[in-house]
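Asker: I would like to see how this sequence folds:
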Amino acid sequence: EFIVECDKDTELEVIKEGFESKKVPVKGVNEEENNVQISLDPIEKIIEHAQVVLAPIYFEFDKSNITAQGAFELDKLVQVMNKYPEMVIKATSHTDSRGSESYNANLADRRAKTTVQYVISKGIDESRISGEGKGESEPKVDCSNGCTKEQHAQNRRSEFLIVTDTEQQ
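Answerer: Numbers count the residues shown, from 1 in each chain. This is a model prediction of the structure:
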């Protein structure tokens, strides 16, 4: 139960252990009560084919810092790793094809390190997560004939492979 100003839209973030977190907009109303139902998916739904599938964790052009949206998604990874203490993750970070190959390899390494550091900062032991920068070598979208800003953004991402998971096997 929350008290909010009438007619003021707000955003509600719902977190429950064992479930995927969710942010939902809530419209402001003049009513005395505004009941909002929010369905949460069990955290297992984001574990798929030796991978933890999150909403894309994109990076800004030429940046390696974790965005607010990226942090929200990485918190889901932390939830999964807390639920499955045997799970070991390898984060792979990627860049778009703009810039030299060596520069992009270094940028991807920095992205992998900040991704791993974020997860460790949330209490996951460093032995359970590693990172590797892939640079521009594995694009999500082939930009050899040109790409839009959005397509370049799809290539600037981190993904999460399950390396060891004895509880799920």
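Asker: send the alpha carbons of stretch 57-65 over as CSV?
Answerer: The C-alpha coordinates for stretch 57-65 follow below in CSV (Å, rounded to 0.1, in the frame of the first residue of the first chain):
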residue,chain,number,x,y,z
ILE,A,57,22.1,-4.6,-21.5
TYR,A,58,23.2,-1.9,-23.9
PHE,A,59,26.0,0.6,-23.6
GLU,A,60,26.2,4.1,-24.8
PHE,A,61,28.5,4.9,-27.8
ASP,A,62,32.1,4.8,-26.7
LYS,A,63,31.2,4.2,-23.0
SER,A,64,31.7,1.3,-20.6
ASN,A,65,29.7,2.4,-17.6
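Asker: Offset the numbering so it begins at 35, please.
Answerer: With the count now opening at 35, the last piece we talked about shows up as stretch 91-99.
Asker: Which positions within that stretch qualify as buried?
Answerer: Neighbour-count burial for stretch 91-99 flags 91, 93, 98 (criterion: 16 or more other Cβ atoms under 10 Å). C-betas here are computed from N, CA, C, even on glycine.
Asker: so which strand or helix has Ser164?
Answerer: Assigned by DSSP states H and E, Ser164 belongs to strand 163-169.
Asker: swap that for Gln113, please
Answerer: helix 102-117.
Asker: can you list contacts of that helix?
Answerer: 51-52, 54-55, 57, 77, 80-81, 86, 88-93, 100, 121, 123, 149, 152-153, 156-158, 162-163, 192, 194 (Cβ atoms under 8 Å, 6 or more residues apart in numbering).
Asker: residue ranges of the strands in this structure, please?
Answerer: Along the chain, counting by DSSP state E, strands occupy 44-48, 56-60, 81-82, 85-92, 122-128, 163-169, 191-198.
Asker: Leaving out chain neighbours, which residue sits closest to the residue nearest to the spatial centre of the chain?
Answerer: Centroid-nearest residue in the chain: Glu107, 3.3 Å away (criterion: Cα atoms, centre = their mean). Distance criterion Cβ to Cβ, 6 or more residues apart in numbering; nearest residue to Glu107, sequence neighbours excluded, is Leu88 at 4.3 Å.
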